[in-house]
Structure formats: structure tokens, C-alpha cells
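Chemist: Whatever this is, show me its structure:
(one chain, ligands or ions: 1)
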Amino acid sequence: MGIDSTVVLDDSRVPGNGRHPETTSARNALAVELRHATEGDVRAFTRWRYTPPYDVYNIDSTPEESVEYFLAPDVRCHALFDDRVLAGFCTFGHDARVPGGDYSADGLDIGLGVKPELTGRGLGIRFVAAVVQYAIATFDPPMLRVTIARGNIRALRVWKRAGFSEASIFATARDTMGSGEFAILTSMPARPKGREAPPTTRSRTTAEPESLNDS
Ligand SMILES: CC(C)(COP(=O)(O)OP(=O)(O)OC[C@H]1O[C@@H](n2cnc3c(N)ncnc32)[C@H](O)[C@@H]1OP(=O)(O)O)[C@@H](O)C(=O)NCCC(=O)NCCS
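Modeler: Sure, this is the predicted structure:
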């Protein structure tokens, strides 16, 4: 699929900067970068272990299964680097959906996992903002979407702080990642004047960003 671009987040535009001065002030000068995940990245982040109740996000597949899964082109797995150190990973498309949700609207689904040691320290908005900025620059989606367990308050808070709002709530047929109820949050990317997306069909040229249609 051939995206080679690396987007560097300009922290001055992160909403809510300074709300966690003890952790963000020193880090704000540093950049969060995204690039396609490598086998080494996958082997590293699949070893990460969250403590309860977030242990439902631990990846239990074997390293080989994980490498095969996350490096599949349609998973669009990316690694996040904070000051050049692996700090998270994200996926774009079907991997970020939960069975039972309404995904009929044309949108780009985002899944994000920040390294366990970095969570709960007020850094989430930096990673979310970097992923959102990269997603818009790379895929030019008509809408961004995340699906979050209703009990995952910190995830709900951080995505809402990034401008996402609740579009729907749904129950899963059986517990998925420790939860039976999920919220779908969406956000409409701001577009520069004169570049508004057409209301229905979108024509493509070779110069346009990567397709969303295989998700
Ligand atoms: C979801 C995730 C990206 C959030 O990032 P984070 O760095 O842990 O979040 P933060 O520490 O910045 O906290 C975000 C908000 O939740 C609040 N918060 C943190 N821990 C909390 C807790 N245990 N209970 C309730 N609120 C909490 C913070 O105060 C902050 O709120 P504020 O912005 O109003 O001050 C990260 O935790 C993660 O990757 N988790 C594992 C995977 C996951 O949960 N995925 C869900 C879909 S993204």
C-alpha cells in the first residue's frame, strides 16, 4: 500500500496542553511520530502487559500469529514513537471495529494502544492527536470513528477531549474485551476551505490518499 510518510505532531496544537503539568510540560517539546509497524515493533508491543482492569487489552496470540496478523496490509498497523522510543501502536480499518456496531457510514476506524507504563499519566491526548493528524493527512477520511468499551472511562475521556462525540451505543452478543457494551464515537475532520468532501460519491485520482474501501 506504500505509505512512507511520517507525520510529526506539532504539540502546540494539542488540545488541553498543560492540564497535566507534571507529565506534559517536559514532553511537549518532543514529537510523536507514526510509521508503518515493522516485525520488530509488533514483537515488542505484543509483549506489553496492562494491569487489571485493562488487561483485557493484552495480546495473547503467539508472536508468530501476531506478526502475521498485524503486518497484514488491511490492518494498517502503525507504530507510535515518542522521542524515537516505541510508545504505542494503532490500526486503521476493520481491526478497530467491534462486532455488533453500526459501521454503515463511510468512515475510518481507529484502534490505539499506548504502552502500559505511559498510560494514566495524562499523556493520552498527545498520542490521540498524533494519530488523528496522521489519519487525516494519510487517508483523507470523511469521518473518523473509534469504538470504546463503555467502562473504559479514560479512553472515552481522551477521545472526547480530542473532539470526538458519542454517535451510538450498542451491546455485543457476548463479552468482547471484557465488556458487553460499547460506544461508537465519531469526529468530522476539519478541511481547509475549498477542500470540503463531496456529499456522496468521491472520485479518485492517483494523487489521492490511500483507499478506505478495503477496511
Ligand atoms: C486509552 C488510552 C489511549 C488513554 O491514554 P492515557 O494516557 O492512559 O490517558 P490519560 O492518562 O491521558 O487520561 C485520559 C483522561 O482520563 C482520565 N483518567 C485517567 N485514568 C483514569 C481512570 N482510571 N478512571 C477515570 N478516568 C481516568 C484522565 O484524568 C484524563 O481525563 P482529563 O483529560 O479530563 O484530565 C490508553 O490508556 C491506552 O492505550 N489504553 C489501552 C488500550 C485501550 O484502552 N484502548 C481503548 C480504545 S483507544
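
Chemist: what's the single longest strand in the protein?
Modeler: strand 165-176 (DSSP state E).

Chemist: Other residues contacting that strand?
Modeler: Here strand 165-176 makes contact (CB atoms under 8 Å, 6 or more residues apart in numbering) with 98-102, 145, 150, 179-187. Heads up, the C-betas are built off the backbone N, CA and C, glycines and all.

Chemist: Mind listing what's buried along it?
Modeler: Across strand 165-176, burial judged by 16 or more other CB atoms under 10 Å covers 167, 170, 172, 176.

Chemist: One more: stretch 39-49?
Modeler: Buried, per 16+ other CB under 10 Å, within stretch 39-49: 41-42, 45-46, 48.

Chemist: Ok, stretch 139-157 next?
Modeler: Here stretch 139-157 shows 139-150, 152, 155-156 as buried, counting by 16+ other CB under 10 Å.

Chemist: Just the CA coordinates for stretch 159-170, please, in PDB.
Modeler: Extracted C-alpha coordinates of stretch 159-170, given in PDB (Å, rounded to 0.1, in the frame of the first residue of the first chain):
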ATOM      1  CA  TRP A 159     -11.100  10.700  22.600                       C
ATOM      2  CA  LYS A 160     -13.800  13.200  23.600                       C
ATOM      3  CA  ARG A 161     -11.100  15.700  24.500                       C
ATOM      4  CA  ALA A 162      -9.800  15.200  21.000                       C
ATOM      5  CA  GLY A 163     -13.100  16.300  19.600                       C
ATOM      6  CA  PHE A 164     -15.000  13.000  19.200                       C
ATOM      7  CA  SER A 165     -18.600  12.700  20.300                       C
ATOM      8  CA  GLU A 166     -20.800   9.700  21.000                       C
ATOM      9  CA  ALA A 167     -22.700   8.600  17.900                       C
ATOM     10  CA  SER A 168     -24.200   5.300  19.200                       C
ATOM     11  CA  ILE A 169     -24.100   2.700  22.000                       C
ATOM     12  CA  PHE A 170     -24.500  -1.000  21.300                       C
END
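
Chemist: Just the mean pLDDT for that stretch, thanks.
Modeler: Average pLDDT, stretch 159-170: 97.

Chemist: That one vs the ligand: in contact?
Modeler: Yes. Stretch 159-170 reaches the ligand (CB under 6 Å from any ligand atom) through residue 161.

Chemist: need the residues of the protein near the ligand, please.
Modeler: Going by CB under 6 Å from any ligand atom, the residues of the chain near the ligand are 19, 50, 54, 57, 112-114, 119-125, 127, 146, 148, 152-155, 157-158, 161.

Chemist: who's in contact with the one residue in the chain that gets nearest to the ligand?
Modeler: Closest residue of the chain to the ligand, CB to the nearest ligand atom: residue 124 (2.5 Å). Residue 124 sits next to 114, 154-155, 158 when contact means CB under 8 Å, 6+ apart.

Chemist: Before I go, just wanted to say thanks for your time.
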